[in-house]
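Student: have a look at this fold, sequence not included:
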């Protein structure tokens, strides 16, 4: 009878106790070194270049540094008030869970407006 699949290779018991080294041939040594470099590159500790880069905020929209605290707080309060009105108008056009989400965002903006108003009142008393 003809056997379609060949017999498995005979395994030397000595080779099980002594596994194949990655440095057995020159090609396997190069491949192992390349794999080590790749692992070090992707999984190694961050380099000094990555750690040393300081945070640079976006300077596209910038409040005038010479502006006083009072005008900046007053402008922030007016902007937050406008955002609250816009969000409430937008929420009125929505329905279901989207409406509740927009109302929640409007409430958070309103709380921020109240906080800015309180700081403004403490900085410049109205009495």
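Tutor: Received the coordinates, thanks. Keep in mind that what you see is a predicted model, and the values were worked out from it rather than measured.

Student: can you name the residues that contact residue 87?
Tutor: 102, 103, 105, 106, 109 (Cβ atoms under 8 Å, 6 or more residues apart in numbering). Where C-beta positions appear, they are placed from N, C-alpha and C, glycine not excepted.

Student: wait, which of those is closest to residue 43?
Tutor: residue 105 (39.9 Å; Cβ to Cβ).

Student: so what pLDDT did that closest one get?
Tutor: Residue 105 is assigned 94 on the pLDDT scale.

Student: count of residues packed around it?
Tutor: Neighbours of residue 105 under the rule other Cβ atoms under 10 Å: 16.

Student: what's the closest non-adjacent residue to it?
Tutor: Ranked by Cβ to Cβ, 6 or more residues apart in numbering and with sequence neighbours excluded, the top spatial neighbour of residue 105 is residue 87, at 5.6 Å.

Student: other SSEs contacting the top helix by length along the chain?
Tutor: Determined from DSSP state H, the single longest helix within the chain is helix 96-123. Packed against helix 96-123 by the contact rule (3 or more Cβ pairs under 8 Å, 6 or more residues apart in numbering; DSSP states H and E) you find helix 69-93.

Student: for residue 80, what are its contacts?
Tutor: Residue 80 sits next to 109, 110, 112, 113, 116 when contact means Cβ under 8 Å, 6+ apart.

Student: make TSV out of those and add pLDDT and distance to residue 56.
Tutor: Listed next are those as TSV, based on pLDDT from 0 to 100; distance: Cβ to Cβ, whole Å:
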residue	pLDDT	distance to residue 56
109	94	27
110	93	32
112	93	26
113	93	29
116	91	26
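
Student: for the spatially most central residue of the chain, what are its contacts?
Tutor: Against the mean C-alpha coordinate of the chain, by Cα atoms, centre = their mean, the closest residue is residue 55 at 14.2 Å. For residue 55, the contact set (Cβ under 8 Å, 6+ apart) is empty.
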